[in-house]
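> Would you be able to build a 3D model of this:
(one chain, ligands or ions: 2)
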Amino acid sequence: MILPALTDLDGVEDARVLTRLDLNVPVANGEVLDDTRIVAALPTLRWLGERASVIAACSHLGKAKGTPDPAYTLAPVAPVLADALGRPVRFVQDCLDPTIAAAEPGTLLLLENLRFHPGEKANDIDFAAKLTAPFTHFVNDAFGTAHRAHASVSASPRLYTSGKKAAGFLMEREVSALSRVVTDPEQPFVAVVGGAKISTKTAPLEALLDRVQTLLIGGGMANTFLKAQGREIGRSLVEDEMLSRARAVMEKAADRSIELLIPTDVVVADGLDNPSRVEIVPSELVPSDLMVVDLGPESRQRYTTALAGARTVFWNGPMGVFEIDAFAEGTLAIATAMAESSGFTVVGGGESVMAIRRAGVVDRIDHVSTGGGASLSFLTGDVLPALAALEE
Ligand code: ADP
Ligand code: MG
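Ligands and ions are numbered 1, 2, ... in the order given. Predicted structure coming up:
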């Protein structure tokens, strides 16, 4: 997939550019708790900052419901952005404020949360027309929302002709890294899929079966696979309505001679907070009063061995309840194995990326995706609305 590049924008020197960024950062008491997404947006802002006339940054934040809500204001992002860029940022309290059109050359604006207007989520064309009216050019660098057909990423770019719209550097990097995993990945391709539930990941799981040589299953979803094989899993998290889906994945893997690994041993506990019993058991011997919380040592070994020879690795979803140290070993083992891999390694997913950070190996992974849902959607082979709108 070739997206229109930032560096190919026509007439950027006099441009008034609207940039759609992913500034959906965690905020508490008016303070930004994690600036990862702000930092990720800087290369595009710096490049435009050295060239364009006026730049406005816009984003959503949190679960705003189509009306102004102080709990989800983007105001705390402005000083962090200003510090990071070393230039003033003017915060505008409404993304449709009429003063935006009068911004002087050299101004950098940060617009208030797009989702304070119902038109954003509704992909409303009138909202998009008002939002984009003051701007000659449009840049989308918000990979995290690329899978949503919202006005700022779908209707808005459609209002610009080619040459006047582009993907930002982050978007370009995401798409090129994920494309390497989707289109003709170098074999052996090993995918690791875990996390809480199989129901949120069936489409990407099935799409991966068209490409991988080996699939490693862990986390809560592995319980559904174990149960589908007729094992007792005690009080573990399980999705009974997904048993036939899990069986279908196993059958498809067998048909294609794909190696599908599910845990042969597991860590079990009597609870998550202050457990009084924590044991390692074979996965066919899970006590009825305990729950599976992590891979056991033998499974860790099998999974890391499978990863050792991979030329391409994609990982989504932790192998256990890694938020609790005692249940993090399986997840950290995958993180370490990926760091040590000489293949091309990609991690996507909110919690998986947190695990990569906790393991301290971010710099040793080829691509850490900023978009959880978007990366899974891309992996599934879906047409992402934001990308389609840029290409048109
Ligand atoms: P990601 O954000 O990486 O896509 P998910 O959101 O699908 O991952 O799942 C992450 C969550 O899954 C974590 O919070 C973790 O605690 C939970 N989880 C992993 N293994 C288990 C398990 N065996 N039982 C219950 N929850 C689990
Ligand atoms: Mg998650």
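> Quick check: residues of the stretch 201-350 of the chain near ligand 1?
219-220, 237, 292-293, 316-318, 320-321, 323, 349-350 (CB under 6 Å from any ligand atom). All C-beta spots, glycine's among them, are computed from the backbone N, C-alpha and C.
> residue contacts, Phe189?
Shown in contact with Phe189 (CB atoms under 8 Å, 6 or more residues apart in numbering): 181, 211-214, 310-314.
> Just the ones of the residues of the stretch 201-350 of the chain next to ligand 1 in helices?
Of the positions in these, 219-220, 350 sit in helices, assigned by DSSP state H.
> Any chance of TSV for those residues, columns pLDDT and distance to Asp10?
Below are those laid out as TSV (pLDDT from 0 to 100; distance: CB to CB, whole Å):
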residue	pLDDT	distance to Asp10
Gly219	97	47
Gly220	96	49
Gly350	87	37
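> so Val32 touches Ala75, yeah?
No. The pair Val32 / Ala75 is not scored as a contact, 10.4 Å apart, by CB atoms under 8 Å.
> So between the two, which is more surrounded?
Remark: of Val32 and Ala75, Val32 carries more neighbours, 20 against 15, as counted by other CB atoms under 10 Å.
> picking up where we left off before, show me which of the ones in helices among the residues of the stretch 201-350 of the chain next to ligand 1 are buried.
In terms of neighbour count (16 or more other CB atoms under 10 Å), the buried residues within these are 219-220.
> So which of the ones in helices among the residues of the stretch 201-350 of the chain next to ligand 1 is the closest to ligand 2?
Taking CB to the ion as the measure, ligand 2 lies nearest Gly350 of those, at 4.0 Å.
> Count residues in the vicinity of the closest residue in space to the closest one that isn't next to it in sequence, would you?
Once flanking residues are discounted, Gly350 sits nearest to Gly372: 4.5 Å by CB to CB, 6 or more residues apart in numbering. Using other CB under 10 Å, Gly372 has 19 neighbouring residues.
> ok, Gly372 to Val293 distance?
Remark: distance between Gly372 and Val293 (CB to CB, to the nearest Å) = 22 Å.
> could you pull out the strands for the stretch 201-350 of the chain?
Secondary structure of the stretch 201-350 of the chain (DSSP state E, counting those that start in this stretch): strands located at 214-217, 259-261, 265-269, 278-282, 291-295, 312-316, 344-347.
> Would you confirm that Glu298 contacts Asp265?
Yes. Counting by CB under 8 Å, Glu298 does reach Asp265; the two are 4.6 Å apart.
> So the two - more neighbours on which side?
More crowded of Glu298 and Asp265, by other CB under 10 Å: Asp265, with 19 against 15.
> beta partners of that one?
Pro282 (DSSP bridges).
> Next, the contact list for it, please.
By CB under 8 Å, 6+ apart, the contact list for Asp265 reads 280-283, 295-299.
> buried set for stretch 69-84?
72-74, 76-78, 80-82, 84.
> Quote the end-to-end distance of it.
Distance across stretch 69-84, first residue to last, is 26 Å (CA to CA, to the nearest Å).
> Please apply the same query to stretch 51-70.
Stretch 51-70 has its terminal residues 34 Å apart, counting by CA to CA.
> For beta bridges, what are the partners of the closest residue to Asp366 other than its chain neighbours?
Leaving aside its chain neighbours, Asp366 sits nearest to Thr345 (4.8 Å; criterion: CB to CB, 6+ apart). Taking DSSP bridges as the rule, Thr345 bridges to Val313.
> From Thr214, how far out is Thr345?
From Thr345 across to Thr214, the span is 14 Å (CB to CB).
> So for those two, which residue has more residues nearby?
Using other CB under 10 Å as the criterion, Thr345 and Thr214 rank with Thr345 on top: 26 against 20.
> Spit out the contact partners of the more buried one.
Going by CB under 8 Å, 6+ apart, Thr345 touches 312-313, 315, 338-339, 365-367.
> which of these count as buried?
312-313, 315, 338-339, 365, 367.
> Could you report the separation of the residue nearest to Gly350 from Met354?
Taken as CB to CB, the span from Gly372 to Met354 is 11 Å.
> just to revisit the earlier point, nearest to ligand 1 among the contacts of Phe189?
Ranked by distance to ligand 1 (CB to the nearest ligand atom), those are led by Phe314 at 11.9 Å.
> my read: the closest one touches Gly349, true?
No. Look at Phe314 against Gly349 with CB under 8 Å: they stay out of range, at 10.1 Å.
> the more surrounded of those two?
The residue with more neighbours, out of Phe314 and Gly349, is Phe314; 30 against 23, by other CB under 10 Å.
> Check what pLDDT the more buried one gets.
We have a pLDDT of 97 for Phe314.
> quick one on the thing from earlier: export the ones in helices among the residues of the stretch 201-350 of the chain next to ligand 1 to TSV and append columns for distance to ligand 2.
Formatted as TSV, those follow (distance: CB to the ion, whole Å):
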residue	distance to ligand 2
Gly219	11
Gly220	11
Gly350	4
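> Can you tell me how far the residue nearest to Ala155 when sequence neighbours are not counted is from ligand 1?
Counting by CB to CB, 6+ apart, Ala128 is the residue found nearest to Ala155 once chain neighbours are left out, at 3.6 Å. Using CB to the nearest ligand atom, to the nearest Å, Ala128 is found at 30 Å from ligand 1.
> how about Ala128, phi and psi?
Ala128 adopts backbone torsions of phi -60, psi -40, taken as degrees, to the nearest 10.
> and it, how many residues sit next to it?
If you count neighbours by other CB under 10 Å, Ala128 ends up with 22.
> I'd assumed Gly119 was in contact with it.
Yes. If you go by CB under 8 Å, Ala128 and Gly119 touch, sitting 7.3 Å apart.
> circling back to that earlier point, to Val39, which of the strands of the stretch 201-350 of the chain lies closest?
Taking CB to CB, strand 344-347 is the member of the strands of the stretch 201-350 of the chain nearest to Val39, at 17.3 Å.
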